[in-house]
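# Sequence and computational prediction follow.
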There are 2 protein chains.
Amino acid sequence: MGLDEAARKPHDRLAAWLAADMAAVNALIRTRMASEHAPRIPEVTAHLVEAGGKRLRPMLTLAAARMCGYDGDNHVKLAATVEFIHTATLLHDDVVDESERRRGRPTANLLWDNKSSVLVGDYLFARSFQLMVETESLRVMDILANASAVIAEGEVLQLTAAQDLATTEAIYLQVIRGKTAALFAAAMEVGGVVAAAPEAQVQALRAYGDALGIAFQIVDDLLDYGGTDAAIGKNTGDDFRERKLTLPVIKAVAQADAEERAFWQRTIEKGDQQEGDLARARAIMDRHGAMQAARDAALHWADTARRSLDILPAHELRDMLSDLADYVVARIN
Amino acid sequence: MGLDEAARKPHDRLAAWLAADMAAVNALIRTRMASEHAPRIPEVTAHLVEAGGKRLRPMLTLAAARMCGYDGDNHVKLAATVEFIHTATLLHDDVVDESERRRGRPTANLLWDNKSSVLVGDYLFARSFQLMVETESLRVMDILANASAVIAEGEVLQLTAAQDLATTEAIYLQVIRGKTAALFAAAMEVGGVVAAAPEAQVQALRAYGDALGIAFQIVDDLLDYGGTDAAIGKNTGDDFRERKLTLPVIKAVAQADAEERAFWQRTIEKGDQQEGDLARARAIMDRHGAMQAARDAALHWADTARRSLDILPAHELRDMLSDLADYVVARIN
């Protein structure tokens, strides 16, 4: 690997290594998102699928399978399955969060309506299910069925934890395991299972996905307070407006003095938000080092992810996944 | 079977015959709708599951399996699976239709919010998926995955066909096959598959479910114009307000004179509805015999359902299913 190669983002290196597989995944996604009878389905799906998402989850499945020496084509089906599950949850999330922008574009619920987002999401769930059945692996189905349940449970938990200043870091961890890490972990695990890797390696792949997902979501939540619209393609301050208890808020609330506590009660619990409140929230977080503490937590999980890979045989893809764990946190400037 | 027995509704006779199985299904549903972390999930689910739905779909699975001599317990899992899929679609339907009443009670989206209905529906889909994986039958999973896709596709088709006076009877048939008949057919089919019935019998069970579902939905759509609030537990006129093109409307539109056509354009296409319009819609349908023609269609499908059972061996449950096909249409006074 030359200097040029090393300087490229790990995500791009993965994409280059897996280019042929990813082309097959994209072709399969296009075929399977079609609907003979309801043209609204591919319209809505294409809007999201073709908006230039990074296809991180399907790449995890492909990388895990290839790294374990898999030579069939079920990993392509599973990668498409994982992307369908992800797309379905995005469609439903945007309805739940009443979001207006996703990946830098207006959301489907804004362009069409909530109804289309709910039903097309259901369609994609069903399609993902059809695809995984085609692999004829009961274990794969079990893993993905469990992941789907954990995802939905995490979303409900997030809904009921919102606006609640008593939300702990433990609850937050459970929420983000559901909303993000469960699918990352399942994406990695099914790659190992389909490659018939030894059980210890399958568990290592799963552990990597879990820790990477947690690091990824903590960083995402940090960027929601610290990033710029252009950098992350969605509105900064969404979580504040939606009164979500993310890690930097939880950390700041834990150290709040009386005046700050009143501020959090007004803005998060009561939802009475005024001009300038977002900036004040950021200032309070900075004062308590909450952003930095959350970043440290992300670094810890990235480290856990990297170390999970230790027991896997040496492989170019393993190195890229290791670098990816660092890179996920490096998104915070 | 005495006179008293014959006079009982076929649904009640099925419930009595299958009482032990249904008790096992209800116990399984209660266990599996629980969530360790998110109490909102069982709250929302219980509201719907315990509202006294007729449990028609799980009974179809149990009846099909028992009729084919099945003696294991996978039919209980599949019956619960089918009820979870049904409950999930009801939760999402009520969001899509903005309904306020279901089974005579306020809907979950009204009692909690749309967000909870969307996410708890997703959770139940995932739970249904976990349950069917436990049967370890790839064919069962294939059938239910396909049914889930057809259901979602039918819902999207209904959404895009709404307000469109060009909707044909063929499109209507496709919509109701998706929204109702697909799950009835799958419920029957998996019962036969789990019992390892001969292929011709499995197909007969499926055909019965398909035709019964179509008859059932045509009648439901008729009742939406002709029933009373008390009788069906939801608001009469919902379909008219939601500008859905159901069979009696399609039949009336096909025979409309210029003045009637203007009425349908205003109320259904433009959605400009005024006091008295629902009554006028009914009067126009009566004038063209549209209600009677739709009832005849339902009778035809009930007959198809009954005849599908002919190749199955004689069995008390077969007789009850045959009577059920008649009874479904007899709901229209």
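Good, I have the coordinates. Residues are numbered from 1 along each chain as shown, chains lettered A, B, ... in the order given.

# count of residues packed around A:E260?
The tally of other residues near A:E260 (other CB atoms under 10 Å in any protein chain shown) stands at 17. Glycine gets a C-beta too; all of them are placed from N, C-alpha and C.

# Likewise for A:R13?
A:R13 has 19 nearby residues by other CB under 10 Å.

# I figured it hits A:S322, correct?
No: assessed by CB atoms under 8 Å, A:R13 is found out of contact with A:S322, at 11.4 Å.

# so where's the stretch 1-150 of chain A uncertain?
Within the stretch 1-150 of chain A, the stretches with pLDDT under 70 are A:1-7, A:48, A:50-52, A:99-105, A:109-112.

# One more: the stretch 151-300 of chain A?
Applying pLDDT under 70 to the stretch 151-300 of chain A flags the ranges A:227-235.

# residues touching the residue of it found nearest chain B, list them.
Closest contact between the stretch 151-300 of chain A and chain B, by CB to the nearest CB, is at A:A152 (3.7 Å). Shown in contact with A:A152 (CB atoms under 8 Å, 6 or more residues apart in numbering or on different chains): A:G178, B:L119, B:V120, B:D122, B:Y123, B:F125, B:A126.

# Would you point out the most distant pair within those residues?
Farthest-apart pair in the contacts of A:A152 is A:G178 and B:F125; separation 15.1 Å (CB to CB).

# Which one of those two is surrounded by more residues?
B:F125 (28 against 25).

# can you give me the helices in the stretch 101-250 of chain A?
A:108-111, A:114-134, A:138-161, A:169-176, A:182-194, A:199-226, A:229-232, A:238-241, A:247-254 (DSSP state H, counting those that start in this stretch).

# most neighbours per residue, which of those?
Comparing the helices of the stretch 101-250 of chain A by mean neighbour count (mean count of other CB atoms under 10 Å in any protein chain shown), helix A:182-194 ranks first with a mean of 28.

# same for it, what does it pack against?
Other elements packing on helix A:182-194 under the criterion 3 or more CB pairs under 8 Å, 6 or more residues apart in numbering or on different chains; DSSP states H and E are helix A:56-67, helix A:74-96, helix A:138-161, helix A:199-226.

# For the ones you listed, give me a markdown table that also has distance to B:A305.
Shown next, in a markdown table, are the helices and strands packed on helix A:182-194 (distance: least, CB to CB, whole Å):
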| stretch | distance to B:A305 |
| --- | --- |
| helix A:56-67 | 43 |
| helix A:74-96 | 33 |
| helix A:138-161 | 32 |
| helix A:199-226 | 47 |
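
# measure A:L183 to A:A215 for me?
14 Å (CB to CB, to the nearest Å).

# thought A:L183 was touching A:T81?
No: the criterion here is CB under 8 Å, and A:L183 misses it with A:T81 at 10.5 Å.

# Check the contact lists of the two and give me the overlap.
Listed contacts common to A:L183 and A:T81 are nil; contacts here mean CB under 8 Å, 6+ apart.

# For the spatially closest residue to A:V25 that is not a sequence neighbour, which residues are in contact?
Leaving aside its chain neighbours, A:V25 sits nearest to A:A79 (4.6 Å; criterion: CB to CB, 6 or more residues apart in numbering or on different chains). Shown in contact with A:A79 (CB under 8 Å, 6+ apart): A:D21, A:M22, A:V25, A:R57, A:P58, A:M59, A:T61, A:L62, A:A187.

# mind redoing it with 6 Å?
Contacts here follow CB atoms under 6 Å, 6 or more residues apart in numbering or on different chains; on that basis A:A79 touches A:V25, A:P58, A:T61, A:L62.

# ditto for A:K244
Taking CB under 6 Å, 6+ apart, one finds A:A162 in contact with A:K244.

# cool, A:D97 as well?
So A:D97 contacts A:E242 (CB under 6 Å, 6+ apart).

# Go again with 10 Å.
By CB atoms under 10 Å, 6 or more residues apart in numbering or on different chains, the residues touching A:D97 are A:107, A:109, A:155, A:158-159, A:162, A:234, A:238-239, A:241-242, A:244, B:115.

# For A:I284, state which of these is nearest.
When these are compared against A:I284 (criterion: CB to CB), the nearest one is A:D239, at 14.8 Å.

# My read is that the closest one contacts A:T246, right?
Yes: if you go by CB atoms under 10 Å, A:D239 and A:T246 touch, sitting 5.3 Å apart.
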